[in-house]
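Undergrad: Below are the sequence and a predicted model for it; my questions follow.
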Amino acid sequence: MIDIQRSDVIISGGGLVGQTLALALAHHGLSVQVVDPADPVATIAPGFDGRASAIASATWQMFEVLGIADRLVGHGCPIRAIKVGDGAPDGGRGGDLDFVTQAGDPPLGTMIENRRLRIALAAALADAPLVRLMMPATVAARTIDAHGVTLTLADGIRLAAPLLVVAEGRRSPTRDAAGFRIANWSYHHHAMIGAVAHERPHGNVAHEIFYPSGPFALLPLVDDAEGRHRSAFVWTVSEKDGPGFAKLGDRGFTAELEKRAGGVLGPMRLVAPRMAYPLGFHHSASIVADRIALVGDAAHGIHPIAGQGLNLGLRDVAALTEVLVDGVRLGLDLGDAALLARYQRWRGLDNLMVSLATDGLTRLFGIPGRAAAAVRRTGLGTVQRMPVLKRFFMDEARGEAGDLPRLLAGTDI
């Protein structure tokens, strides 16, 4: 007979959100088992794959508490300013808005290669005895009853805990099997991502230009080992144009990038593989069920227009960790419905509001025509002239708005 391996929490999904949650729970004394079909060695293979994330300042404070930030020293590029513009229908620019930090203020975010994040998490988890990584591993059966959750893996190992947290990403099989109701739609756009080296230094400035065909962003990265200035790009194109851009050779693709950038960083050269993926929206009506909680993209998927997708998932991590740690201190069953309802109340509204805000921005900046462009420029100009509004948007970018969990405020629970 095979023994059942027990823990306080099982996390299905070992990506950035799932592993950060495991580390946060273990940091506060909870035992965790993480199950994921991916090979962890492959996820930290040498070489930059072009994927990078803007980590909000509040999220960075959680990284400091959990010991991740120290492992990222020298790999993060602070964003000190964001310049936003509306690309005119004739290819020109107008309606500029800029967000600039003052001396002594935290950055608006920190750009980190995703591979560096994975390496830092792997090192931190290796020093966390309360975390057991079952990777690669496949779930063959799942049982949820009044006593807890039991997962049977393909090799026959059985795992049990009072609570199952689903961090499997957008196409979560566990979420779908559990019957969560999901609202979703396609934007009929593709996002092309990658990284370039460029002639001029970026000055820690991020650029976002809203063209009629979709937003184009340049995000500052640290210089590479050869001293080359680098930035990540996120370029949104219509669904029908995506295949054509994907077929361009590196020289033609780079020429199109330089055109979209308006020459702001000078000549460019690709320094990472380019990737493309379809853009869509999804949002779960509820993020909890019997002994199940959703975090990250399993719960919500938004447009990358504001760069908040990963941060939204890590806000889930901070809130769920606080709820569960408080529950342990009160002697509650971690799968208790009232405990999970607190997580639902805390994160449900924030997730919905951010999701709807990014969806609204996507639609507003996607309306073609000169009249729509004039309205957008008026709006950008209004924000530019109103310090209170600018401060609001800057706080949102830093992740410092709303009812912050203690981890995001930089303190232990």
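TA: Received the coordinates, thanks.

Undergrad: among the helices and strands of the protein, which one scores worst on average pLDDT?
TA: Across the helices and strands of the chain, mean pLDDT, DSSP states H and E gives its lowest value to helix 370-385, namely a mean of 53.

Undergrad: The chain: helices as residue ranges?
TA: 16-27, 40-43, 57-66, 114-126, 173-177, 242-247, 250-261, 309-329, 337-365, 370-385, 387-398 (DSSP state H).

Undergrad: weakest of those by average pLDDT?
TA: The minimum mean pLDDT among the helices of the chain belongs to helix 370-385 (a mean of 53).

Undergrad: tell me the contacts of the closest residue to residue 51 other than its chain neighbours?
TA: Closest residue to residue 51 apart from its sequence neighbours, by Cβ to Cβ, 6 or more residues apart in numbering: residue 114 at 4.2 Å. Yep, even glycine has a C-beta here, placed from its N, CA and C like the rest. Each residue near residue 114 by Cβ atoms under 8 Å, 6 or more residues apart in numbering is listed here: 16, 49, 51-53.

Undergrad: how close does residue 114 sit to residue 314?
TA: Using Cβ to Cβ, to the nearest Å, one gets 13 Å for the distance from residue 114 to residue 314.

Undergrad: which residues do these two both contact?
TA: Residues touching both residue 114 and residue 314 by Cβ under 8 Å, 6+ apart: residue 16.

Undergrad: pLDDT weak spots in the stretch 1-150 of the chain?
TA: Across the stretch 1-150 of the chain, the ranges flagged by pLDDT under 70 are 1-2, 88-95.

Undergrad: Now do the contacts for the closest residue to residue 340 other than its chain neighbours.
TA: Take residue 340 and drop its neighbours on the chain: the residue closest to it by Cβ to Cβ, 6+ apart is residue 288, 4.0 Å away. Residue 288 makes contact with 294, 340-341, 343-344, according to Cβ under 8 Å, 6+ apart.

Undergrad: Would you point out the most distant pair within those residues?
TA: 294 and 341 (13.8 Å; Cβ to Cβ).

Undergrad: of these two, who's got more company?
TA: residue 294 (29 against 14; other Cβ atoms under 10 Å).

Undergrad: The more buried one against residue 282, yeah?
TA: No - using Cβ atoms under 8 Å, residue 294 makes no contact with residue 282, being 11.3 Å away.

Undergrad: Quick check: residue 280 touching residue 187?
TA: Yes - between residue 280 and residue 187 there is a contact under Cβ under 8 Å: 6.2 Å.

Undergrad: number of nearby residues for residue 189?
TA: Under the neighbour criterion other Cβ under 10 Å, residue 189 is assigned a count of 21.
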